[in-house]
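Chemist: The sequence and its predicted three-dimensional model are supplied below.
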Amino acid sequence: MKMDKTILKEIVDFIQQISYGEVVITVHDSDIVQVEKREKKRFKACKPLHKQS
């Protein structure tokens, strides 16, 4: 598999842009055909706005 510098740069950029999440690389026939960035946002648990009975 030959790694294109543009693809490698895109992967590195995605990794540098996210704090929590995933970078998913899709490969078909030994070629990278897709790169996805899935960023997650985490929030501290807070009290509900209304009382539940």
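Modeler: Alright, I've got the coordinates.
Chemist: Can you give me every residue that contacts Ile18?
Modeler: If a contact means CB atoms under 8 Å, 6 or more residues apart in numbering, then Ile18 has 37, 39 as its contacts. No exception for glycine: its C-beta is placed from N, CA and C like everyone else's.
Chemist: got the buried residues for the helix or strand where Thr6 lies?
Modeler: Take DSSP states H and E as the rule and Thr6 turns out to sit in helix 5-17. When burial is assessed from 16 or more other CB atoms under 10 Å, helix 5-17 yields the following buried residues: 11, 14.
Chemist: who touches the very next helix or strand once past that helix?
Modeler: Moving toward the C-terminus from helix 5-17, the first helix or strand encountered (DSSP H and E) is strand 21-28. Contacts to strand 21-28, defined as CB under 8 Å, 6+ apart, come from residues 1, 11, 14-15, 32-40.
Chemist: now strand 21-28: how far from the chain's centre is it?
Modeler: Between the mean C-alpha location of strand 21-28 and the chain-wide mean there is a distance of 8 Å, by CA atoms, centre = their mean, to the nearest Å.
Chemist: Sheet-wise, list the partners of the following helix or strand past it with their directions.
Modeler: The first helix or strand that comes after strand 21-28 along the chain, using DSSP H and E, is strand 31-39. Partners of strand 31-39 in the sheet, by DSSP bridges, are strand 21-28 (antiparallel).
Chemist: buried stuff in the strand it pairs with?
Modeler: The neighbour-count criterion (16+ other CB under 10 Å) identifies Val23 as the buried residues of strand 21-28.
Chemist: Now that strand - C-alpha only, CSV.
Modeler: Written as CSV, here are the backbone C-alpha positions of strand 21-28 (Å, rounded to 0.1, in the frame of the first residue of the first chain):
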residue,chain,number,x,y,z
GLY,A,21,-13.2,10.6,19.8
GLU,A,22,-12.1,8.5,17.0
VAL,A,23,-10.4,8.7,13.6
VAL,A,24,-11.7,5.9,11.4
ILE,A,25,-9.8,4.9,8.3
THR,A,26,-11.7,2.8,5.7
VAL,A,27,-9.6,0.6,3.4
HIS,A,28,-10.7,-1.2,0.2
